[in-house]
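Q: quick one, fold the following:
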Amino acid sequence: MDINIPEVLAEVVHQSDRYEQALVTNDVAVLDELFWRSPHTLRYGATENLYGYDAICEFRAARPAQGLQRQVLRTVITTYGRDMATVNIEFQRMGSDRTGRQSQTWARTEQGWRVVAAHVSLLTMPQS
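A: So this is what the prediction gives:
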């Protein structure tokens, strides 16, 4: 299997950048576009488990638009062949010292690159 074919990697980087911009500006239309429209899509959030595209869209529509800004600390994008990729991001929300992690599995579909599974979590604070 070919890892990080340059043109495929560039495509996924572009879509991941679109996702990040949509996330911090609460562009729900783009966020919805970039998830696979399937009951098999899932997103585990920091406080919720969402199964299926419809549940993910409902969550996005109800989510508050404040406090979404974040600093990306590290991004690791790996493509596997021409149709599968992972995007992993470490981040910090503005005003927080906790590190967050976002993992996404992307697949090339007939509609283009789409997130088929996602997970967001925050590292717990060390005990004093």
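
Q: show me what contacts residue 26?
A: The neighbours of residue 26, taking C-beta atoms under 8 Å, 6 or more residues apart in numbering as the test, are 63, 65, 68. Using the backbone N, CA and C atoms, a C-beta is placed for each residue, glycine as well.

Q: equivalent analysis for residue 112, please.
A: residue 15.

Q: please apply the same query to residue 54.
A: residue 39.

Q: for residue 20, which non-adjacent residue is spatially closest?
A: residue 72 (6.9 Å; C-beta to C-beta, 6 or more residues apart in numbering).

Q: chain center to stretch 20-33: distance?
A: Mean-position distance between stretch 20-33 and its chain equals 10 Å (C-alpha atoms, centre = their mean, to the nearest Å).

Q: take that stretch, keep the C-alpha atoms, and write them as PDB.
A: The C-alpha coordinates for stretch 20-33 follow below in PDB (Å, rounded to 0.1, in the frame of the first residue of the first chain):
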ATOM      1  CA  GLU A  20     -10.800  23.300  10.800                       C
ATOM      2  CA  GLN A  21     -11.900  26.600   9.400                       C
ATOM      3  CA  ALA A  22     -15.600  25.500   9.400                       C
ATOM      4  CA  LEU A  23     -15.200  24.200  13.000                       C
ATOM      5  CA  VAL A  24     -13.900  27.400  14.500                       C
ATOM      6  CA  THR A  25     -16.300  29.600  12.600                       C
ATOM      7  CA  ASN A  26     -19.300  27.300  13.200                       C
ATOM      8  CA  ASP A  27     -20.000  26.900   9.500                       C
ATOM      9  CA  VAL A  28     -22.500  24.100  10.000                       C
ATOM     10  CA  ALA A  29     -23.100  23.700   6.300                       C
ATOM     11  CA  VAL A  30     -19.500  22.800   5.600                       C
ATOM     12  CA  LEU A  31     -19.200  20.600   8.700                       C
ATOM     13  CA  ASP A  32     -22.300  18.700   7.500                       C
ATOM     14  CA  GLU A  33     -21.000  18.400   4.000                       C
END
